[in-house]
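Trainee: Here is a sequence together with a model predicted from it:
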Amino acid sequence: PIIQMLPGGSLMWMMRFLQIAAAMIFFSMLEWDSLKKPILAVIIALLAVDCGICVKTFIPQKDEKTVVSSYYENIKEETLIDEAKAMTKNRIAVIDSVSPTESFVFYLTDYEGSANQLFGRGWEAASTSLQIAQINEAYDNGYYYFMFDRLLEMGCDTVIVKKNAAAVYHYNETEAEAAAELRGYTKEYDEGIYVVFHYDGIEGAYGTITKYDGIAIGNGAYYISMMFPTICEAPSEYIDDFTLEELSSYETIYLDGFLYHDVETAEDLITKASEAGTKVYILADGIPENYESKTNRFLGVECQSVQFDNGFPAFQTTKFGEIELALFPDEFKNWKTVYMNGLTEVLGYSEVLDEQMPFWGKGTNDNITFIGFNLTYYYSRTRDRNVGAILAGIIDVSDHEVPERQIVPLDITYGDNSITISSPEDNVNTSIAEHDIFRGDFRTFNRLVFVDKGETEITYSYPYPVQGILVTLAGVAVAVVMVVYIRKKKPVD
């Protein structure tokens, strides 16, 4: 995480250390006075051979143009990438999570014309990498309603899916097509292992105006929004970073792995929002430790740790009666979770050694519901149907719904050091990724740029140029001093 936050952090990935390490080793050998010259000559020769292989491998040769052209012509014939590229008006996404085909990246970028794409070379370093990874994970786990909705949000009017590439659950063609249709995509091509979806009516750059039914606050929001597409992820994990007006504007609030600056303020915000009609679901496993009581406690409900081995005990519920669940999958056979004390009304519990362990109940009013046993995360990882049915009975939100989205055509002009966006509407998500060097009259939400009606100019430039030059000069000066010092310390032959 620390490396990811550093400027140029992508340069510090382990694969990119190798060249730096090799250069340092070579330099150390040049400085190794007692090293025999024949050995040094062999090492230099091996390095030259390695460089030659690299040049031959990674730099296209003139006599290989025919081979390269033939290779991409084969890709065109064996996949639907050419058809998908031809119909793309704004951006294309290639969903292939098991073995992302970098050939597609080049084909879409520089072979017979280019098309904007969601997955590009080095997308892991993008400011929107979390959203991109989330779309991939949604495909792997069969959350197609979320996948197609967020693809539209990210500006993808064309989507090509490799049907045999899902890493966790096999591709469910019926559900995927239903999700695509609900979101407005039409299946245009379906041949072999590839299928292409396209959003009709897009003629160029576009943005979206979205109304989410709910908001998820905390580090668990990543999975909550994936399970329930009408729920958006909050830009902050702290409850008291929001106003009562902001919280009350949503029909539903999920709290999972949340934080607060002041517990009383946070509890007051949630209580008042629930009294105003917002339904609040608090996932007990994500309740933080109360600094005063030193327990995981919120709104008078306290969590108690428990571990279940091999399976949950029978669930006793007021709504569904007794429920027996399947045994845990091998990777989750030791399930560490919590149950709750202090509920005003217990709606579900398990009994172990004559002790009740509540996992579902009401808080200080009927609009506040607590959920334990980490059921939402368990369902997101296992897709257990019985757990899904229980959650559907607890949570008044469907996993087969998508938020309201209005497509807004945009006029976007890219200059040398600026982006000019012309919008006919207010509060439009442009699907342009936010960068910390952007300057202008715009807002951001979840790392995407939002603009209002009219023309918005975003300018950008190289960040901290003076500071960077000074640091570079200081580094050069230190290196020179070190070299001079080392040479003076060397014994004279």
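Mentor: Perfect, thanks for sending it.

Trainee: all contacts plus neighbour counts: C-alpha atoms, from now on.
Mentor: Noted.

Trainee: gap between residue 109 and residue 123?
Mentor: The gap separating residue 109 from residue 123 is 14 Å, by C-alpha to C-alpha, to the nearest Å.

Trainee: Repeat that for residue 409.
Mentor: Taking C-alpha to C-alpha, one finds residue 409 at 26 Å from residue 123.

Trainee: Which one of the two is surrounded by more residues?
Mentor: Using other C-alpha atoms under 10 Å, the more surrounded residue of residue 409 and residue 123 is residue 409, with 19 against 14.

Trainee: residues in contact with the nearest residue to residue 75 once chain neighbours are set aside?
Mentor: Using C-alpha to C-alpha, 6 or more residues apart in numbering and skipping the chain neighbours, the partner closest in space to residue 75 is residue 81 (7.8 Å). By C-alpha atoms under 8 Å, 6 or more residues apart in numbering, the residues touching residue 81 are 75, 104, 160.

Trainee: Out of the residues you listed, grab the one that's most surrounded.
Mentor: residue 160 (25 neighbours).

Trainee: did I read that right, that residue in a helix?
Mentor: No: read with DSSP: H, G, I helix; E, B strand; the rest coil, residue 160 is strand and lies in no helix.

Trainee: so who does it touch?
Mentor: Counting by C-alpha under 8 Å, 6+ apart, residue 160 has contacts 80, 81, 84, 92, 93, 94, 95, 194, 195, 196, 197.

Trainee: pLDDT score assigned to the residue nearest to residue 75?
Mentor: As predicted, residue 81 sits at a pLDDT of 85.

Trainee: Let me know the distance separating it from residue 173.
Mentor: Applying C-alpha to C-alpha to residue 81 and residue 173 gives a distance of 19 Å.

Trainee: repeat for residue 113
Mentor: Distance from residue 113 to residue 173, by C-alpha to C-alpha: 31 Å.

Trainee: and if you look at residue 449?
Mentor: 33 Å.

Trainee: higher neighbour count, those two?
Mentor: It is residue 449, of residue 449 and residue 173, that has more neighbours when counted by other C-alpha under 10 Å, with 20 against 12.

Trainee: And the helix or strand containing the more buried one, what does it pack against?
Mentor: Element membership of residue 449, judged by DSSP states H and E, is strand 448-451. Contact here means 3 or more C-alpha pairs under 8 Å, 6 or more residues apart in numbering; DSSP states H and E; on that basis strand 448-451 packs against strand 428-433, strand 443-445.

Trainee: what pairs with the shortest one, and is each one parallel or antiparallel?
Mentor: Each strand that pairs with strand 443-445, with its direction, by DSSP bridges: strand 448-451 (antiparallel).

Trainee: Could you pull up phi and psi at the closest residue to residue 247 other than its chain neighbours?
Mentor: In space, and not counting its chain neighbours, residue 247 is closest to residue 273: 6.3 Å by C-alpha to C-alpha, 6+ apart. Note on residue 273: its backbone torsions stand at phi -60, psi -40 [degrees, to the nearest 10].

Trainee: hmm, which two among the contacts of residue 160 are most spread apart?
Mentor: Pairwise distances among these were taken by C-alpha to C-alpha; the largest, 14.3 Å, belongs to 92 and 194.

Trainee: where do the strands sit along the stretch 201-350 of the chain?
Mentor: 206-211, 214-217, 231-233, 252-255, 279-283, 297-298, 301-309, 315-317, 321-323, 334-341, 345-352 (DSSP state E, counting those that start in this stretch).

Trainee: picking up where we left off before, any chance of the helices and strands packed on strand 448-451 in TSV, with distance to residue 277 too?
Mentor: Shown next, in TSV, are these (distance: least, C-alpha to C-alpha, whole Å):
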stretch	distance to residue 277
strand 428-433	27
strand 443-445	25
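
Trainee: Pick the most buried one from the ones you listed.
Mentor: Ranked by mean neighbour count, these are led by strand 428-433 with a mean of 21 (mean count of other C-alpha atoms under 10 Å).

Trainee: So which elements touch that strand?
Mentor: Secondary elements touching strand 428-433 (3+ C-alpha pairs under 8 Å, 6+ apart): strand 206-211, strand 448-451.

Trainee: which stretches of the chain have low pLDDT?
Mentor: 1-19, 54-68, 97-103, 490-493 (pLDDT under 70).

Trainee: residue closest to the middle of it?
Mentor: residue 130 (2.2 Å; C-alpha atoms, centre = their mean).

Trainee: separation between that one and residue 489?
Mentor: Residue 130 is 51 Å from residue 489, by C-alpha to C-alpha.

Trainee: Residue 92 and residue 194: which has the busier surroundings?
Mentor: residue 92 (27 against 19).

Trainee: how near is the more buried one to residue 105?
Mentor: 11 Å.

Trainee: Return the set of residues that bridge with residue 297.
Mentor: Going by DSSP bridges, residue 297 forms beta bridges with residue 302.

Trainee: Format the strands of the stretch 201-350 of the chain as CSV; extra columns: distance to residue 442.
Mentor: Output for the strands of the stretch 201-350 of the chain, formatted as CSV (distance: least, C-alpha to C-alpha, whole Å):
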stretch, distance to residue 442
strand 206-211, 14
strand 214-217, 22
strand 231-233, 20
strand 252-255, 26
strand 279-283, 31
strand 297-298, 36
strand 301-309, 41
strand 315-317, 49
strand 321-323, 51
strand 334-341, 42
strand 345-352, 46
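
Trainee: So for residue 443, which of those sits nearest?
Mentor: strand 206-211 (13.6 Å).

Trainee: Tell me which other helices or strands that closest one touches.
Mentor: Using 3+ C-alpha pairs under 8 Å, 6+ apart, strand 206-211 sits against strand 404-409, strand 428-433.
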